[in-house]
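> Structure for the following, please:
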Amino acid sequence: MAGKKKEPLCESIAGEGCGLKKVLDIVGGKWKIMILCVIDNNEVVRYGNLRRAVYGITNTMLANSLKDMENDGLVLRKQYDEMPVRVEYSLTDKAKSLIPILLELKKWGEVNL
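Below you'll find the predicted structure:
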């Protein structure tokens, strides 16, 4: 191991270019990972079902989180022109590529916490 430099998590500790900080910015907080879990488990989820599945979340927080996740390219929002309006959410390929990483974090938590 001598002479081999260890790769730092972030070059400039949690600075602008830090990939880890970018990830935590888009999935951090109390609700976003829970939302990802519900959508991943169901593939396509309507807003009302999502609201019931994420225990304790307010309508405002769910709407804001979904909007952020849509803007960050994690969630697809599909609205149907029906009355009442039907909206469904699914994961993008970008979000699907994050699921195995979250599973590893889950396993680590089960072993270490």
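> Dump the longest helix that the chain contains to CSV, keeping only the CA atoms.
Secondary structure of the chain per DSSP state H: the longest helix is helix 93-112. Only the C-alpha atoms of helix 93-112 are listed here, as CSV (Å, rounded to 0.1, in the frame of the first residue of the first chain):
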residue,chain,number,x,y,z
ASP,A,93,-32.9,5.6,-15.5
LYS,A,94,-30.6,8.0,-13.5
ALA,A,95,-32.6,7.2,-10.3
LYS,A,96,-32.6,3.4,-11.1
SER,A,97,-28.8,3.5,-11.3
LEU,A,98,-28.8,4.9,-7.8
ILE,A,99,-30.9,2.1,-6.3
PRO,A,100,-28.0,-0.5,-6.0
ILE,A,101,-25.9,2.2,-4.2
LEU,A,102,-28.8,2.8,-1.7
LEU,A,103,-29.1,-0.9,-1.2
GLU,A,104,-25.4,-1.1,-0.2
LEU,A,105,-26.0,1.8,2.2
LYS,A,106,-29.0,-0.1,3.6
LYS,A,107,-26.9,-3.2,4.1
TRP,A,108,-24.2,-1.2,5.8
GLY,A,109,-26.7,0.3,8.1
GLU,A,110,-28.2,-3.1,9.0
VAL,A,111,-24.7,-4.4,10.0
ASN,A,112,-23.3,-1.3,11.6
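> quick one: average pLDDT of it?
Helix 93-112 shows an average pLDDT of 95 in the prediction.
> Where does the prediction get shaky in this protein?
Segments of the chain classed as low confidence (criterion: pLDDT under 70) are 1-3, 9-15.
> 90 - rerun?
Within the chain, the stretches with pLDDT under 90 are 1-25, 28-30, 82, 84-85.
> Show me the helices in it, by range?
Defined through DSSP H, the helices belonging to the chain, from first to last, are 19-27, 32-42, 47-53, 59-71, 93-112.
> buried ones in the shortest one?
When you say that, I think you mean helix 47-53. Burial within helix 47-53, assessed by neighbour count using 16 or more other Cβ atoms under 10 Å, is assigned to 47, 50-51, 53. For every residue, glycine as well, the C-beta is placed using N, CA and C.
> Could you do the first one as well?
Within helix 19-27, the residues scored as buried using 16+ other Cβ under 10 Å are 21, 26-27.
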